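Q: Return a 3D structure for these sequence lines:
(chains A and B)
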Amino acid sequence: MWPKFTDSLLEGKIMEIEEKSQLYKIRHSMAHVLAQAVKKVYPEAKLGFGPPTETGFFYDFDFENVDFREDSLKKIEKEMKKIIGQKQEFTYSETDANGAVERLTELGEGEYKIENVRNLSDRGVTKFSFYDNGPFADLCEGPHVDTTGDLPVKAFKLDRVAGAYWLGSEKNKQLTRIYALCFETPEELKEFTERRAMAEKFDHKKLGRELDLFHFDEKVGKGLPLWLPNGTIIRDEIEKYACEMEFKYGYKRVSTPHIAKEELYLTSGHLPYYADSMFPPMEVKEEGEETTEKFYLKAMNCPHHHLIFNSRPKSYKDLPLRLAEYGTCYRYEKSGELSGLIRVRCMTMNDAHLYMTLEQFEEEFRSTVKMYMEFYDTFKLTEYSFRLSVRDDSDKFVGDPALWDKAEGLLAKVMDEMGLNYFIGKGEAAFYGPKIDIQFKNLMGREETVSTIQVDFQSATEEKFALKYVDADNTEKEPVIMHRAPLSTHERFISFITEYYGGAFPTWCAPLQVCLLPVKDSCHEYANELAKELNADFVRVEVDDSSNSFGKKIRTNTMKKIPILLILGEQEIEDNSVTVRRYGSRDQETISRDEFLKMLKAEIKDRVMLREPMGSII
RNA sequence: GCCGGCGUAGCUCAGUGGUAGAGCAGCUCACUUGUAAUGAGCAGGUCAACGGUUCAAGUCCGUUCGCCGGCUCCA
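A: Here you go, the predicted model:
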């Protein structure tokens, strides 16, 4: 069985508690077995947390001064199997906070478990339960299987080692996390590992190399992709499509520089707040001047767009004003956060800022969501989820709480009215306002924000850009601002669709759309002439005029995942026809040249995708 | 940035301290082919970089760089 594209292949995501689920009990109990085995091999190890995950479980350990290496996993796995063979019984007991601390101290547990008891106790928890099995005991809510003998000894595998901060905070000590895969049966484990191996074949980094889409070069720098001719065609096609859509929805396009003076980002409030995420400034000194001036590479387009809004006084009649730009931004992401095209340091955003009255907000939001759905339909994207990202009580969120409430309420209202399913992301809001994030999963199950719609009540204020429009009653008012990016950045979006399509792009955006395969030399003239005609219609076409055998031509061009191959032999020449062989199908049909041209042009113009994306069916 | 793994030809990968290899891709020649690899030949390398151990290092040790998987972060 092949993996469904949307199945989570990510080990890290903590499993929802399903009290009665046997699988949950197995994974949970297995984590205890792992901890017991680790303490046998490394008696000094201290325990952190060890929950079940969607594909197994993990446990965090503090190995003190021992450098834990991945090859130790084998030894630990062996111990685990022994423990399972001993059929140790899980027994339950209960105590209060003091009793729990006492018991943990007895067990030789360090600060982590005890800190956990204190935290729970502070939150009003008074009952603490322990599960004992064999010589091992752990503070734990359960539930568990009856004995370790109930655990599927052949359906688990220690998978990876990773660092993980205690309580998820960078300020705390980093513990060693051991990830394990675990299922109910060996067959399920095998199926999962096979699915994961399949998914790796569709990794956008691998496909990007095979299909010559992009290249990273150390001489340019990490996280700075070089887009090759093939990848650039995809970018250009997506951009062309975005321009058409924006035209249809009443946007005006603008273009802004990649750098700006420090003052701009002081005004926007990004400095000094987000200085860490920006490239350090360039200091420029004009000839004859005494002082230097600082310029920053832009990390976002909004400040520039706000200044365009402000370039002349605005009337309520100018609103809503929708400014769009495929703007290139630079962000200094920490090195370990970079990942192929998913997280880069140079990105080109499908950005736009909508300026409107408060009364217009609902309608603008509604039509923006509608535009998103149109985009998703074209790309045949069907599996995504809406997240309403709201603030929490952290102090990073600025502005009038009443406005926040109003905006959060309006977003929820419109989405409810549109019948959209969404979940709440508490604390996921931008510092200046709530947002809708549309979450996609890549093939490896990593969830990413692809599209976003953000409400901004901050940038228009007096302290920031002092954006104003004159209303019908002749008073000045602040516009409401909406940031939106349905197609994300070229980098993230293309990484996503490359995997989703398995590298087989729909005809309209495929780097090479049609490849002509003459059966023998005598057919080259017919092929070249047809290519010329297609080319005149702006179709990206090539003739395979190599001296390869015909079988080899089929093979090599199929492996390039070209949407359409045309077979041209003596028969086709005779009746002025072409034999069409589409990617992903062995059925082919011979049709007249005119019929083919008509079909192809319509397919490209309407951006039709005739088959299911490869990644959606594996 | 932190933890773990990895780095040999454009790509995929062999290589047990003792002369750097294969397949594919590329180039040349021959073959002209009707549906997933025609054959022969040629070329291709500072074994990521730097330092150390050794008579001898792709191989062992250290440092740096890069990539991958996590953690943190993601305006």
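Q: quick one: A:Lys154 and A:Pro186 touch, right?
A: Yes - assessed by CB atoms under 8 Å, A:Lys154 is found in contact with A:Pro186 at 4.3 Å. Where C-beta positions appear, they are placed from N, C-alpha and C, glycine not excepted.
Q: Show me where the stretch 201-350 of chain A has its helices.
A: Along the stretch 201-350 of chain A, the stretches classed as helices by DSSP state H, counting those that start in this stretch are A:204-210, A:229-248, A:262-268, A:302-309.
Q: looking at the ones you listed, which is buried most?
A: The highest average neighbour count among these, using mean count of other CB atoms under 10 Å, belongs to helix A:302-309 at a mean of 21.
Q: what mean pLDDT would you report for that one?
A: Averaged across helix A:302-309, the pLDDT comes to 97.
Q: helices or strands up against it?
A: Where contact means 3 or more CB pairs under 8 Å, 6 or more residues apart in numbering; DSSP states H and E, helix A:302-309 is packed against helix A:262-268, strand A:321-330, strand A:346-356, strand A:480-485.
Q: Next, the distance between the ends of stretch A:565-581.
A: Start and end residues of stretch A:565-581 are separated by 5 Å (CA to CA, to the nearest Å).
Q: Does A:Glu491 touch A:Met349 like I think?
A: No - if you go by CB under 8 Å, A:Glu491 and A:Met349 don't touch, sitting 9.3 Å apart.
Q: can you list the helices of the stretch 201-350 of chain A in a markdown table and add distance to RNA strand B?
A: Shown next, in a markdown table, are the helices of the stretch 201-350 of chain A (distance: least, CB to the nearest atom of the strand, whole Å):
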| stretch | distance to RNA strand B |
| --- | --- |
| helix A:204-210 | 5 |
| helix A:229-248 | 14 |
| helix A:262-268 | 8 |
| helix A:302-309 | 7 |
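Q: I'd like those helices as CSV, with distance to A:Leu120 appended.
A: CSV is the format used below for those (distance: least, CB to CB, whole Å):
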stretch, distance to A:Leu120
helix A:204-210, 42
helix A:229-248, 50
helix A:262-268, 42
helix A:302-309, 42
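Q: Tell me who's in contact with the residue minimising distance to the centre of chain A.
A: The centre of chain A sits closest to A:Glu448, judged by CA atoms, centre = their mean, with a distance of 2.3 Å. Contacts for A:Glu448 (CB atoms under 8 Å, 6 or more residues apart in numbering) come out as A:342, A:439-442, A:492, A:496.
Q: any idea which of those residues is least confident?
A: Among the contacts of A:Glu448, A:Asn442 has the lowest pLDDT, at 69.
Q: Out of the helices of the stretch 201-350 of chain A, the one nearest A:Gly99 is which?
A: helix A:204-210 (52.2 Å; CB to CB).
Q: same for the closest one, what does it pack against?
A: The criterion is 3+ CB pairs under 8 Å, 6+ apart, and the helices and strands that helix A:204-210 contacts are helix A:490-500.
Q: report the angle between the axes of the helix it packs on and helix A:229-248?
A: Counting by axes from the mean of the first three to the mean of the last three CA atoms, to 10 degrees, helix A:490-500 lies at 110 degrees to helix A:229-248.
Q: distance between helix A:490-500 and the chain's centre?
A: For helix A:490-500, the separation from the chain centroid amounts to 9 Å (computed by CA atoms, centre = their mean, to the nearest Å).
Q: now the angle from it to strand A:321-330?
A: Using the same axes, to 10 degrees: helix A:490-500 against strand A:321-330 is 80 degrees.
Q: Helix A:490-500 to strand A:346-356, inter-axis angle?
A: Using the same axes, to 10 degrees: helix A:490-500 against strand A:346-356 is 110 degrees.
Q: what about the stretch 301-450 of chain A, any weak spots by pLDDT?
A: Where the stretch 301-450 of chain A drops to pLDDT under 70, the residues are A:442-446.
Q: which bits of it sit near RNA strand B?
A: A:331-340, A:343, A:430-432, A:444-446, A:449 (CB under 7 Å from any atom of the strand).
Q: So how do I select the buried members of the residues you listed in ChimeraX?
A: In ChimeraX, this line selects whichever of those come out buried by 16 or more other CB atoms under 10 Å:
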select /A:331,332,333,338,340,343,430,431,432,444,445,449
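Q: what pLDDT does A:Pro143 get?
A: 89.
Q: For it, which non-adjacent residue is closest in space?
A: Counting by CB to CB, 6 or more residues apart in numbering, A:Pro143 lies nearest to A:Lys25, which is 5.4 Å off, once chain neighbours are set aside.
Q: near RNA strand B at all, whatever helix or strand the one you found lives in?
A: Using DSSP states H and E, A:Lys25 sits within helix A:22-41. No - using CB under 7 Å from any atom of the strand, helix A:22-41 stays clear of RNA strand B, coming no nearer than 14.0 Å.
Q: Could you confirm whether the helix or strand where A:Ile591 lies reaches RNA strand B?
A: In this assignment (DSSP H and E), A:Ile591 forms part of strand A:588-592. Yes - contact between strand A:588-592 and RNA strand B, assessed by CB under 7 Å from any atom of the strand, occurs at A:588, A:590.
Q: who touches that strand?
A: A:567, A:571-572, A:575-582, A:599.
Q: Which ChimeraX command selects the buried ones in those?
A: Buried members of those, defined by 16+ other CB under 10 Å, are picked up in ChimeraX with:
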select /A:567,572,577,578,579,580,581,582
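Q: The contacts of strand A:588-592 in strands, which ones?
A: Among the contacts of strand A:588-592, the ones falling in strands (DSSP state E) are A:567, A:577-582.
Q: of the residues you listed, list those near RNA strand B.
A: Near RNA strand B, by the rule CB under 7 Å from any atom of the strand, you find A:567, A:579, A:581 out of the ones in strands among the contacts of strand A:588-592.
Q: Now for the first one: which residues touch it?
A: Right, the one you point to is A:Ile567. Shown in contact with A:Ile567 (CB under 8 Å, 6+ apart): A:517, A:519, A:578-579, A:581, A:588.
Q: Tell me the pLDDT of it.
A: 97.
Q: Pop out the phi and psi values for A:Glu79.
A: Per-residue torsions, A:Glu79: phi -60, psi -40 (degrees, to the nearest 10).
Q: wait, doesn't it sit right on A:Leu34?
A: No - the criterion here is CB under 8 Å, and A:Glu79 misses it with A:Leu34 at 9.1 Å.
Q: These two: which is more packed in?
A: A:Leu34 (26 against 17; other CB atoms under 10 Å).
Q: now that one, nearest residue through space, not along the chain?
A: Nearest non-adjacent residue to A:Leu34, counting by CB to CB, 6+ apart: A:Tyr59, 5.1 Å away.
Q: Let me know the secondary structure of that neighbour.
A: strand (DSSP: H, G, I helix; E, B strand; the rest coil).
Q: Around it, how many other residues sit close by?
A: When counting by other CB under 10 Å, one arrives at 25 neighbours for A:Tyr59.
Q: tell me the contacts of it?
A: Contact partners of A:Tyr59, counting by CB under 8 Å, 6+ apart, are A:31, A:34-35, A:38, A:47-50, A:177-178.
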